[in-house]
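Undergrad: The sequence and its predicted three-dimensional model are supplied below.
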Amino acid sequence: MDKVSNNNIKYFGNSMNIGVAESKIKETQLTGDESKDRVILQTLIDLRKLKARILYNGNSVWSRNAVIRDFKKILASGLTEKSLTDYLYDFFSLQCGTIAHFNKQGWASVYPDVDSLRRLFIKNEYGNRVLEHIPQWQTDVILIVSEIEGLLGIFGKKYRIVRTPVQVVRTEIQERLEEVA
């Protein structure tokens with residue numbers, strides 16, 4: 001399989017953040033398999049604290065740490081326009097089967113509390129469980145949504161969360177990147 005070319009990866013942000021991200025990603029061996037590379041890139045974003053937005057084949061690669069940190073703040077203090085960061089709002093509206101509802105204020109008015117978020121993750125605006133709504137190649141998103149569902153207590157026979165092969169791969173990649181650091 002060919003290595004991923006720079007044509008597959010696009011960067012957004014200021015020139016300094018883009019330069020740092022480009023250099024760190026060039027040091028990393030990507031496989032050319034998007035589902036594997038998304039986990040590698042997500043791990044790299046989180047471990048190296050990369051600030052540039054990274055797209056792989058035109059689709060955002062999401063920072064697990066940023067989404068989960070922001071989500072935990074909402075669990076602790078409630079959902080308000082201020083607690084709903086732009087990054088988390090983008091994640092919800094782009095990845096979780098919910099529309100933008102015009103803006104953050106509109107979105108927060110539709111999902112004002114943890115119970116409404118729990119209902120969203122069980123049945124999104126398209127009638128699907130969020131985890132089932134995500135394409136299998138979006139492994140970075142699958143990892144994040146699996147963790148959010150666990151934080152929301154979405155378990156039971158129908159909603160059991162298991163350690164996925166993607167999580168195993170992420171752990172192995174993280175260990176390799178920490179060795180290099």
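TA: It's in.
Undergrad: C-alpha from now on. contacts and neighbour counts both.
TA: Fine.
Undergrad: And the strands in the protein?
TA: For the chain, strands defined by DSSP state E occupy the ranges 9-12, 53-56, 59-61.
Undergrad: List the contacts of the first one.
TA: Applying CA atoms under 8 Å, 6 or more residues apart in numbering, the contact partners of strand 9-12 are 18, 21-22, 52-58.
Undergrad: closest to residue 84 among those residues?
TA: When those are ranked by distance to residue 84 (CA to CA), residue 53 comes first, at 18.6 Å.
Undergrad: so what's the closest one bridging to?
TA: Counting by DSSP bridges, residue 53 is bridged to residue 12.
Undergrad: Thought residue 60 was touching it, still the case?
TA: Yes. Counting by CA atoms under 8 Å, residue 53 does reach residue 60; the two are 7.2 Å apart.
Undergrad: wait, doesn't residue 148 sit right on residue 70?
TA: No. Counting by CA under 8 Å, residue 148 does not reach residue 70; the two are 10.8 Å apart.
Undergrad: In terms of neighbours, single out the busier of those two.
TA: residue 148 (20 against 17; other CA atoms under 10 Å).
Undergrad: Now that one: closest residue in space, sequence neighbours ignored.
TA: Nearest in space to residue 148, with sequence neighbours left out and distances taken as CA to CA, 6 or more residues apart in numbering, is residue 68 at 7.1 Å.
Undergrad: what's near enough to touch the one you found?
TA: Contacts of residue 68 by CA under 8 Å, 6+ apart are 144, 147-148.
Undergrad: one more time with 10 Å
TA: By CA atoms under 10 Å, 6 or more residues apart in numbering, the contact list for residue 68 reads 74, 88, 144-145, 147-148, 151.
Undergrad: cool, residue 73 as well?
TA: 79, 83-84.
Undergrad: Domain boundaries for this structure, per the record?
TA: 9-63+169-180, 64-165 (automatic domain parsing).
Undergrad: Let me have these in TSV, adding mean pLDDT as columns.
TA: Listed next are these as TSV, based on pLDDT from 0 to 100:
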stretch	mean pLDDT
domain 9-63+169-180	89
domain 64-165	88
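Undergrad: just to revisit the earlier point, which one of the contacts of residue 68 sits in the busiest neighbourhood?
TA: Busiest of the contacts of residue 68 [other CA under 10 Å] is residue 145, holding 23 neighbours.
Undergrad: if I look at it, how far off is residue 23?
TA: 29 Å (CA to CA, to the nearest Å).
Undergrad: buried sites along stretch 16-25?
TA: 18, 21-22, 25 (16 or more other CA atoms under 10 Å).
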